[in-house]
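A.B. asks: What follows is a predicted protein model with its sequence.
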Amino acid sequence: MKLRIKMRLVMAFAALVLCAGLWAQSAQEPDAKAHTGNSDPTSRVTIEVSGGEKDTPVENASVYLKYVEERRIKKDKKVELNVKTNREGAAHIPDAPTGRVLIQIVADGWKTYGRWYDITEPKQTIKVHLVRPPRWY
């Protein structure tokens, strides 16, 4: 009987130590915004798409911006934004996340483009030059 009481006391003490350790660890973890030094985790990205030898603007091209939204508890979420270029060949993404993003561009008559970029500034312009696909006979 005394052995059962001692086991319960040991288990209760172990649970108390574990909870105190987890609480101390969570209190020491810095906030994600404070760690990066950036109070605004989003930025405005402008992607200028031109093509050919004369650098003509590519109108109505699909611009995909892909990134991973990290979560603490659940599985990370994959996010994809899709915009089109205007007559000047520019696509504006007002709420782009800061960090590493994949930019892909698909346009009729042009070779598909894709590349990873680091978004670090609040307002950033990315210039992309498309080329024609090779002719197949």
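C.D. replies: Thanks, I have it.
A.B. asks: residue contacts, L102?
C.D. replies: With contact set as CB atoms under 8 Å, 6 or more residues apart in numbering, L102 has these partners: Y64, L65, K66, Y67, G114, R115, W116, Y117. The C-beta positions use only the backbone N, C-alpha and C, and glycine is treated the same way.
A.B. asks: and those, which of them are in strands?
C.D. replies: Counting by DSSP state E, those place Y64, L65, K66, Y67, G114, R115, W116, Y117 in strands.
A.B. asks: So which of those is surrounded by the most neighbours?
C.D. replies: With neighbours taken as other CB atoms under 10 Å, the top of the ones in strands among the contacts of L102 is L65, carrying 21 neighbours.
A.B. asks: okay, the closest residue to that one other than its chain neighbours: pLDDT?
C.D. replies: Distances taken as CB to CB, 6 or more residues apart in numbering put L81 closest to L65, at 4.4 Å, once the chain neighbours are dropped. Note for L81: predicted pLDDT of 91.
A.B. asks: so what strands line up beside the helix or strand containing L81?
C.D. replies: Assessed by DSSP states H and E, L81 sits inside strand 77-84. Applying DSSP bridges to the sheet, strand 77-84 is found paired with strand 62-69 (antiparallel).
A.B. asks: What lies in contact with the strand it pairs with?
C.D. replies: By CB under 8 Å, 6+ apart, strand 62-69 touches 45, 47, 49, 76-85, 91, 93, 96-97, 99-107.
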